[in-house]
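K.L.:
From the sequence below, what's the structure:
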Amino acid sequence: MDDASAFPAPEAPGLLPPPPALVPFEDEGIPGFWARVGGMFQLLFSEPLALFERVPRGDKFGPPWRFLLLLSVPAFLLLGLIFGAFGFAALVGALADRGADTKFLAILPAVFLVILALLPVLLFVGMLVGGALDHFFLWIWGGLKDGEALESTIRAVGYANAFIQLGAWIPYLGFLVQLAGRIWLGAGLARMHRTQTWRGICAVLTPLFLLCGCLFLLLLCLPLALLAARS
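P.N.:
So this is what the prediction gives:
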């Protein structure tokens, strides 16, 4: 009897599971820096919530901070244009008034360089503080029972805020883009931390609600303060 089916087939050797997919910006398998940047936008428009699933776990804050810094270039350019326009107007005024003191014009470039040097630091601190706050409010809303560590939230918030702040420069739609971006961030954090979507959205919108509440109370107290000052 030479029936091949009578003999068991040899077992295939064990195969290692495929490595987890990374965010394109950290994927060394994608050749070229700008190709990785383009891959981030392609992932954003094709699978927006997959970005949060692909963020590597850990406390490696350098990559999301560099990506946030890269997409902050429009803000740097706008700051340069503002300082340039202000300096040009001051120079024209000083030339028109020959007796004017022009020493302050020499300070403008130094002020611009100091602010330019501080912006990367402020972006890094903002990423840490913003990620910590979103993580804290997600905990308040009960969304961290099966979730990731604080470091993972900060990394995800860094990547997400890079896109959100870039979209905020769209004329007339900047505020709506920021609001929609916060909702997207909340849904993404909910998927990362394996909790309900509404918990993530409520967590990222809580600081906005608190800020609006404080402003409302301030507006209510302002007339009383004016009356007290007049009496």
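K.L.:
helix, strand or coil for residue 48?
P.N.:
coil (DSSP: H, G, I helix; E, B strand; the rest coil).
K.L.:
Quick check: closest non-adjacent residue to it.
P.N.:
Of all residues not flanking residue 48 in the chain, residue 184 sits nearest, at 6.2 Å (CB to CB, 6 or more residues apart in numbering). In short, each C-beta sits where N, CA and C put it, glycine included.
K.L.:
Next, that neighbour: secondary structure please.
P.N.:
Assignment for residue 184 (three-state DSSP): helix.
K.L.:
Show me what secondary structure element comes after the lengthiest helix in the chain.
P.N.:
The longest helix of the chain (DSSP state H) is helix 103-140. As assigned by DSSP states H and E, the chain's next helix or strand after helix 103-140 is helix 150-167.
K.L.:
Dump that next one to PDB, restricted to CA.
P.N.:
Presented in PDB, the C-alpha positions along helix 150-167 are these (Å, rounded to 0.1, in the frame of the first residue of the first chain):
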ATOM      1  CA  LEU A 150       2.200  57.000  30.700                       C
ATOM      2  CA  GLU A 151       5.200  57.000  28.400                       C
ATOM      3  CA  SER A 152       3.200  55.400  25.600                       C
ATOM      4  CA  THR A 153       0.500  58.100  25.900                       C
ATOM      5  CA  ILE A 154       3.100  60.900  25.700                       C
ATOM      6  CA  ARG A 155       4.600  59.400  22.600                       C
ATOM      7  CA  ALA A 156       1.200  59.100  20.900                       C
ATOM      8  CA  VAL A 157       0.200  62.600  21.900                       C
ATOM      9  CA  GLY A 158       3.500  63.900  20.400                       C
ATOM     10  CA  TYR A 159       2.700  62.400  17.000                       C
ATOM     11  CA  ALA A 160      -0.900  63.400  17.100                       C
ATOM     12  CA  ASN A 161      -0.300  67.000  18.200                       C
ATOM     13  CA  ALA A 162       2.200  67.400  15.300                       C
ATOM     14  CA  PHE A 163      -0.700  66.800  12.800                       C
ATOM     15  CA  ILE A 164      -3.200  68.800  14.800                       C
ATOM     16  CA  GLN A 165      -1.100  71.900  15.100                       C
ATOM     17  CA  LEU A 166      -0.200  71.700  11.400                       C
ATOM     18  CA  GLY A 167      -3.900  71.600  10.500                       C
END
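K.L.:
Fine by me, we can end here.
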